[in-house]
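Colleague: Fold the following.
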Amino acid sequence: MMGPAHSLSGAAAWLGIGAAAAAAGHAMPWPVLLVGALICAGAALAPDLDHKAATISRAFGPVSRWLCEIVDKLSYAVYKATRKPGDPRRSGGHRTLTHTWLWAVLIGGGASVAAITGGRWAVLGILFVHMVLAIEGLLWRAARGSSSDVLVWLLAATSAWILAGILDEPGNGANWLFTAPGQEYLWLGLPIVLGALVHDIGDALTVSGCPILWPIPVGRKRWYPLGPPKAMRFRAGSWVELKVLMPVFMVLGGVGCAAALNFI
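Modeller: Here you go, the predicted model:
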């Protein structure tokens, strides 16, 4: 799928988690619902860091382009080193390492560790990165073009600072789910894991499928392209994605938000 659909699906997924938590009698504080949805929307773009034309590769200027090249080469090297006889030969690393459940867990876990050990600046850094990606994904029309990059970064930095301040207030969610001393913001890794997995599931619906299960082998393949039957798949950017899935994600996100806030 394309960036906007990935971001919408990420936000909708976290809002759905919020609705489920409310239904179970453990409603999220509204700042956790908001921040989690934005982080998940941004994290749903992150697996495409292995593709030089992806939104995330352009989101942070030369830094993200350079990082994209490194991740692409690393992913390709891991693919070559671990492929089985049934896995096809390929010339790049797109839709390999960063599109797996293991990568999602490692990135989310790393963010959680950084949040509880790095203090406020680590939390602000995590929020800033994902606010940039959320803006790029959810407001893709307004964020197009290199001339808007600085404005996006300023908006993301301001949003990160304000949201961190709100979360720090007692009862607003800094210690949501993990309440032991020193575990504030440990939950930040959860929307990152969810966003990456939602991205992978979205890509699995497309023609090429997605090797979500790696390194678990399936038959003669270690990089098995998981997905529905071929007849049910669609091409990225097709009318199915733009005219059907994106409106569905918007509706589901709205319903999930209303349910999470106990409006319905």
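
Colleague: can we go C-alpha only for contacts and neighbour counts from here?
Modeller: OK.

Colleague: which residues in the stretch 101-250 of the chain form helices?
Modeller: 101-117, 119-138, 149-168, 189-204, 239, 246-260 (DSSP state H, counting those that start in this stretch).

Colleague: Would you tell me which one of those is buried the most?
Modeller: Comparing the helices of the stretch 101-250 of the chain by mean neighbour count (mean count of other Cα atoms under 10 Å), helix 189-204 comes out on top with a mean of 26.

Colleague: the inter-axis angle of that helix versus helix 101-117?
Modeller: 160 degrees (axes from the mean of the first three to the mean of the last three Cα atoms, to 10 degrees).

Colleague: Now do helix 189-204: which elements does it pack against?
Modeller: With contacts taken as 3 or more Cα pairs under 8 Å, 6 or more residues apart in numbering; DSSP states H and E, helix 189-204 sits against helix 3-23, helix 30-43, helix 101-117.

Colleague: pLDDT of it, averaged?
Modeller: Average pLDDT, helix 189-204: 96.

Colleague: Centre of the chain to that helix, how far?
Modeller: 5 Å (Cα atoms, centre = their mean, to the nearest Å).

Colleague: and of the helices and strands packed on helix 189-204, who's closest to Leu154?
Modeller: helix 30-43 (16.1 Å; Cα to Cα).

Colleague: Only the buried residues of that closest one, if you could.
Modeller: Using 16 or more other Cα atoms under 10 Å as the test for burial, helix 30-43 gives 30-43.

Colleague: so can I have JSON lines of these showing distance to Ile116 and pLDDT?
Modeller: Output for the buried residues of helix 30-43, formatted as JSON lines (distance: Cα to Cα, whole Å; pLDDT from 0 to 100):
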{"residue": "Trp30", "distance to Ile116": "21", "pLDDT": "96"}
{"residue": "Pro31", "distance to Ile116": "18", "pLDDT": "96"}
{"residue": "Val32", "distance to Ile116": "16", "pLDDT": "97"}
{"residue": "Leu33", "distance to Ile116": "20", "pLDDT": "97"}
{"residue": "Leu34", "distance to Ile116": "20", "pLDDT": "97"}
{"residue": "Val35", "distance to Ile116": "17", "pLDDT": "97"}
{"residue": "Gly36", "distance to Ile116": "17", "pLDDT": "97"}
{"residue": "Ala37", "distance to Ile116": "20", "pLDDT": "97"}
{"residue": "Leu38", "distance to Ile116": "20", "pLDDT": "97"}
{"residue": "Ile39", "distance to Ile116": "17", "pLDDT": "97"}
{"residue": "Cys40", "distance to Ile116": "19", "pLDDT": "97"}
{"residue": "Ala41", "distance to Ile116": "22", "pLDDT": "97"}
{"residue": "Gly42", "distance to Ile116": "20", "pLDDT": "96"}
{"residue": "Ala43", "distance to Ile116": "19", "pLDDT": "97"}
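
Colleague: which one of those sits closest to Ala174?
Modeller: Once Cα to Cα is applied, the member of the buried residues of helix 30-43 that ends up nearest Ala174 is Val32, at 8.0 Å.

Colleague: follow-up on the earlier one: pipe the helices and strands packed on helix 189-204 into a markdown table and attach distance to Met246 per row.
Modeller: A markdown table is the format used below for those (distance: least, Cα to Cα, whole Å):
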| stretch | distance to Met246 |
| --- | --- |
| helix 3-23 | 6 |
| helix 30-43 | 13 |
| helix 101-117 | 23 |
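
Colleague: of those helices, which approaches Thr55 most closely?
Modeller: Among the helices and strands packed on helix 189-204, helix 3-23 sits nearest to Thr55 (Cα to Cα), with 6.4 Å.

Colleague: now for that closest one, which elements pack on it?
Modeller: Applying 3+ Cα pairs under 8 Å, 6+ apart, we find helix 3-23 packed against helix 30-43, helix 119-138, helix 189-204, helix 246-260.

Colleague: ok, now with 10 Å
Modeller: helix 30-43, helix 55-59, helix 119-138, helix 189-204, helix 246-260 (3 or more Cα pairs under 10 Å, 6 or more residues apart in numbering; DSSP states H and E).
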